[in-house]
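>>> Sequence and computational prediction follow.
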Amino acid sequence: AFGLVYALTWLPGLGEPDWQMQSLGALLASVGANISALPEPVQFWPALFLVSTLGAPFINGLFGLGEEIGWRGFLLPRLMPLGKARAYLLLGVIWGLWHAPLVAVGFNYPGYPILGIVWMCGLTTAIGIYFNELALRERSTLLAGWLHGLFNSQSYGVWRILFPNVNPLIGGITGLIGIGVWLAIGLNEARRTSVPAKRPRVAADQVV
């Protein structure tokens, strides 16, 4: 999903990958770090991808579970009597507004304190559909916490460093492209869940 989001960001020219880590080097230098200690790009990118995919989710999943006990564990079941669509939409907006103070001070949508809050509600609603479907189907808040941790590991891991100069409202995971991709994934999961399983065919010798 993240590969698709950033491919759709890169191909139309909405963002260029910083293979040589110039933005990362400049950021580290601004805080007095020794950038000469950085590994070569050919070593850095595979290592960062593996860490953000296989290692970081275990740590981030603990923090994600802290939220998901509230979102998918407590609130979602209590909203479901409103109907799935209303419950998902309301939970997505509440989840987005939960991040409003951070967004207002420049997190995720720097330079867009008001629109950023609106966009964050859109993003949390879109990814929330996928999280909701899996959490309800598997009856697992732990799974929701893992998904949350994995999502954050990728959102703030290799992709954000590789594409540092993307308009947050348009490209990347926070923009319209990311919201659209996750909305499509979530709606497809909802469609799959709502399709009843096919009845097994009965062999002729089983018919009485």
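Ah, there it is. Quantities reported herein were computed from a predicted structural model and do not represent experimental measurements.

>>> For the helix or strand of the chain with the lowest mean pLDDT, buried residues please.
Least confident helix or strand of the chain, by mean pLDDT, DSSP states H and E, is helix 22-30 with a mean of 85. Residues of helix 22-30 classed as buried: residue 24 (neighbour count, 16 or more other Cβ atoms under 10 Å). Heads up, the C-betas are built off the backbone N, CA and C, glycines and all.

>>> Can you tell me what sits against it?
18, 35, 38, 161, 164-165 (Cβ atoms under 8 Å, 6 or more residues apart in numbering).

>>> Okay, helices next: where are they in the protein?
When assigned using DSSP state H, the helices of the chain occupy the ranges 2-10, 22-30, 41-50, 56-68, 76-79, 84-98, 100-104, 113-138, 141-155, 158-162, 176-194.

>>> neighbours around residue 180, how many?
The tally of other residues near residue 180 (other Cβ atoms under 10 Å) stands at 14.

>>> And for the one 4 residues further on?
Close neighbours of residue 184, defined as other Cβ under 10 Å, add up to 15.

>>> check contacts around residue 117.
96-97, 99-100, 103-104, 109.

>>> still on that earlier bit, quick one: least confident of the contacts of helix 22-30?
Looking at the contacts of helix 22-30 by pLDDT, the weakest one is residue 35, with 74.

>>> returning to that earlier point: nearest to residue 56, out of the contacts of helix 22-30: which one, please.
Nearest to residue 56 among those is residue 161, at 12.8 Å by Cβ to Cβ.

>>> That closest one reaches residue 49, doesn't it?
No - look at residue 161 against residue 49 with Cβ atoms under 8 Å: they stay out of range, at 10.3 Å.

>>> Which one of these two is surrounded by more residues?
When residue 161 and residue 49 are compared for neighbours, residue 161 comes out ahead with 18 against 15, by other Cβ under 10 Å.

>>> In contact with the residue nearest to the spatial centre of the chain, which residues?
Centrality entry for the chain: nearest residue to the mean C-alpha point is residue 151, 4.0 Å, by Cα atoms, centre = their mean. Applying Cβ under 8 Å, 6+ apart, we find residue 151 in contact with 64, 127.
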